[in-house]
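Chemist: Predicted model and sequence below, questions to follow.
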Amino acid sequence: MSEGLTDIAEQIIAYQKKHDKTDAQMAFDSRLSVEKYHTIKSGEAKPTPDELAALERVLSK
């Protein structure tokens, strides 16, 4: 993956800062495992379309 964060990772980080949410809370809300959530947030893995949709639902709240 390229250097820097993906768009979704940047959106996740901004949302967490704004709403004071932990990684565990975000993973639970998006119905992802904490491990999978961490790999997406760190940019180590690209989310599947279903995972991306789940994260976008959380981020749109």
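Modeler: Good, I have the coordinates. Bear in mind that the values here come from a model prediction, so they are computed numbers and not experimental data. Residues are numbered from 1 along each chain as shown.

Chemist: can you pull the contacts of Val58?
Modeler: By C-beta atoms under 8 Å, 6 or more residues apart in numbering, the contact list for Val58 reads Tyr15, Met26, Asp29, Ser30. Every C-beta, even on glycine, is put in place using the N, C-alpha and C of the backbone.

Chemist: So which bits of the host helix or strand of it are buried?
Modeler: Per DSSP states H and E: Val58 is located in helix 49-59. Buried residues in helix 49-59, counted by 16 or more other C-beta atoms under 10 Å: Glu51, Ala54, Leu55, Val58, Leu59.

Chemist: same question, stretch 37-51
Modeler: Along stretch 37-51, these residues count as buried under the neighbour rule (16+ other C-beta under 10 Å): Tyr37, Ile40, Lys41, Gly43, Pro47, Glu51.

Chemist: do stretch 25-32 as well
Modeler: For stretch 25-32, burial by neighbour count (16+ other C-beta under 10 Å) applies to Met26, Ala27, Asp29, Ser30, Leu32.

Chemist: Out of these, list just those in helices.
Modeler: In helices, judged by DSSP state H, the following of the buried residues of stretch 25-32 are found: Met26, Ala27, Asp29, Ser30.

Chemist: Check these and tell me the two furthest apart.
Modeler: Greatest spatial distance among these (C-beta to C-beta): Ala27 and Asp29, at 7.4 Å.
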